[in-house]
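*Asks:* Below is the sequence, then the predicted model.
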Amino acid sequence: MNIHLPYGRGSIEAVLPDDRVKSVITSKLEEYSPGMGEAELIEDAMKNPVGRESLPALSRGEKNVVVIASDHTRPVPSRLIIPPMLRQIREGNENAEITILIATGCHRGTTKAELLQKFGPEIAERERIVIHDCGDERNMVSIGTLPSGGALKLNRIAAEADLLVSEGFIEPHFFAGFSGGRKSVLPGVASLETVYANHCAAFIESEYARCGILDNNPIHRDMIYAARRANLRYIVNVVINAGHKVVKAFAGDCDSAHREGAAFLESLCKTPPAPADIVIVSNNGYPLDQNIYQAVKGMSTAEATCNPGGVIIMVAKCEDGCGGEAFFNTFRQNPDAAAILREILKVPADKTIADQWQSQIFARILAKHRVILVSDAEKELVRAMHMLPAKDIAGALEAADRLLARPGSITVIPEGISSIIC
């Protein structure tokens, strides 16, 4: 059996013995035929907004308009989404002063080159673009308290907008249920303090803070509250396939339009577990597999179908290395993942530290499974992060069999981030 898994900007091949492969878990997203081109899908969604007036109607009379846009870590086709949004805003108010605010969350700032790649020169060089910095307290505004009790502080540009709208994409998310919608505000343009409160240990531990779950999810509850409090009045979100092509678009209210998108995605991506001793999974390739930090997402999908004591083979290029200094130090300094997890669970919400949520999920996975990483990362780095390095899937499979002391059954998830296993 030959299976190709996304790897960086290309793919990597897995040649597997047929008699050991229990299941290949794929979504039906690749089979879905939208019947329209990408631009047409977006235009159609914007003509038929869910639970909201049209964007021209919303922008009428609103001078200070802020469009929250995704950052360099997300494969959002902003070149297709932002132009019609800007056009419709100006249809409603030709004198609107528009700012594109890049929702970096806790990520590093997006570079000029990345802005050019993301938007194209027409927008990157002519529109006013501001990069959110979650640590810049001078440019944060307090607008209330989250349901969890944490302070709600947002970027001043977003908080003071006459009209706040956003773009994004919807995919399964390993603790927020689904990406997109309200996430543009929290964590997108929130302060570090607010993100930390929302990503606290107790919330991450919740059985509802899992892929594909919105109802009763405490993280989602805070996020939708923040979006409403910020008066996020309109979104344009897309669903993309493995080739990063738009197959569906949703526009309108930040909750109801987002939920329609989540329901669409669930109908194509949800599948029951296929428990196996070895689970081979990817992080959907570039830009989602740039580092180990991001690769935890794919590992969490594998976790949902890996037998206790089993082995996860994570396929992620990791060309940027680890991806988080605090995340790296947590594991470099302590060889016991179970001990790391116990310590994190003791941390109160107001004492959350950088990358704690990612460390918590990674430690939870490592406490139950051995992880082999097929990547371009340095072997010493991989070992410091409690994983075994492998140069290819064949070598990883040999190592997995040694760890199990027998040839184990195999489940393959070619696109870990696109699959909802429950």
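*Replies:* That came through, no problem.

*Asks:* alpha carbons only for contacts and neighbour counts from here, please
*Replies:* Noted.

*Asks:* Any regions of the stretch 251-400 of the chain where pLDDT drops low?
*Replies:* Filtered on pLDDT under 70, the stretch 251-400 of the chain yields no residues whatsoever.

*Asks:* can you map out the helices along it?
*Replies:* According to DSSP state H, counting those that start in this stretch, the stretch 251-400 of the chain carries its helices in the segments 256-269, 292-303, 325-332, 337-345, 356-368, 379-384, 393-404.

*Asks:* mind saving the C-alpha coords of the second one as CSV?
*Replies:* Coordinates of each C-alpha in helix 292-303 appear next as CSV, following Å, rounded to 0.1, in the frame of the first residue of the first chain:
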residue,chain,number,x,y,z
ILE,A,292,7.0,21.0,16.3
TYR,A,293,4.7,23.4,18.2
GLN,A,294,2.1,23.3,15.4
ALA,A,295,2.6,19.6,14.8
VAL,A,296,1.0,18.9,18.2
LYS,A,297,-2.3,19.5,16.5
GLY,A,298,-1.9,16.5,14.2
MET,A,299,-0.6,14.4,17.1
SER,A,300,-3.8,15.1,19.0
THR,A,301,-5.8,13.7,16.1
ALA,A,302,-3.7,10.6,16.2
GLU,A,303,-4.2,10.4,20.0
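
*Asks:* Please state the offset of that helix from the chain centre?
*Replies:* 11 Å (C-alpha atoms, centre = their mean, to the nearest Å).

*Asks:* go on, the fifth one?
*Replies:* Relative to the chain's own centre, helix 356-368 is displaced by 17 Å; criterion: C-alpha atoms, centre = their mean.

*Asks:* same deal with the fourth one?
*Replies:* Going by C-alpha atoms, centre = their mean, the spacing between the C-alpha centre of helix 337-345 and its chain's C-alpha centre is 24 Å.

*Asks:* same check, this time on stretch 113-132
*Replies:* Averaging C-alpha positions (C-alpha atoms, centre = their mean) puts stretch 113-132 21 Å from its chain's average.

*Asks:* who touches stretch 134-147?
*Replies:* The contact list for stretch 134-147 (C-alpha atoms under 8 Å, 6 or more residues apart in numbering) reads 104-106, 151-157, 159, 189-192, 221-222, 225-226, 229-230.

*Asks:* pLDDT score assigned to Ala226?
*Replies:* Predicted confidence (pLDDT) at Ala226: the value is 98.

*Asks:* With respect to burial, which of the helices of the stretch 251-400 of the chain scores highest?
*Replies:* Sort the helices of the stretch 251-400 of the chain by mean neighbour count, taking mean count of other C-alpha atoms under 10 Å, and helix 292-303 sits at the top with a mean of 26.

*Asks:* Run the angle between that one and helix 356-368 for me.
*Replies:* Our comparison of helix 292-303 with helix 356-368, counting by axes from the mean of the first three to the mean of the last three C-alpha atoms, to 10 degrees, yields an angle of 50 degrees.

*Asks:* quick revisit: Ser78 is nearest to which of the helices of the stretch 251-400 of the chain?
*Replies:* Across these, Ser78 has its closest neighbour in helix 256-269 (17.4 Å, C-alpha to C-alpha).

*Asks:* any idea how far Lys118 is from Leu164?
*Replies:* 21 Å (C-alpha to C-alpha, to the nearest Å).

*Asks:* out of those two, which sits in the busier spot?
*Replies:* Using other C-alpha atoms under 10 Å as the criterion, Lys118 and Leu164 rank with Leu164 on top: 26 against 22.

*Asks:* Mark which of the contacts of stretch 134-147 are part of helices, please.
*Replies:* Judged by DSSP state H, the subset of those located in helices is 156-157, 159, 192, 221-222, 225-226, 229.

*Asks:* thinking again about what came up before, in a markdown table: the helices of the stretch 251-400 of the chain, plus distance to Ile420.
*Replies:* Output for these, formatted as a markdown table (distance: least, C-alpha to C-alpha, whole Å):
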| stretch | distance to Ile420 |
| --- | --- |
| helix 256-269 | 6 |
| helix 292-303 | 7 |
| helix 325-332 | 25 |
| helix 337-345 | 24 |
| helix 356-368 | 17 |
| helix 379-384 | 27 |
| helix 393-404 | 23 |
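
*Asks:* Which one of those lies nearest to Ala242?
*Replies:* Going through these one by one, with C-alpha to C-alpha as the measure, helix 256-269 comes closest at 12.4 Å.

*Asks:* hang on, the earlier thing: what's the farthest-apart pair in the ones in helices among the contacts of stretch 134-147?
*Replies:* For the ones in helices among the contacts of stretch 134-147, the farthest-apart pair by C-alpha to C-alpha is Ile157 and Arg221; their separation is 23.3 Å.

*Asks:* So for the two, which residue has more residues nearby?
*Replies:* Regarding Ile157 and Arg221, a neighbour count based on other C-alpha under 10 Å identifies Ile157 as having more, with 22 against 18.

*Asks:* now Cys134, what's its secondary structure?
*Replies:* When the structure is split into helix, strand and coil by DSSP: H, G, I helix; E, B strand; the rest coil, Cys134 lands in coil.
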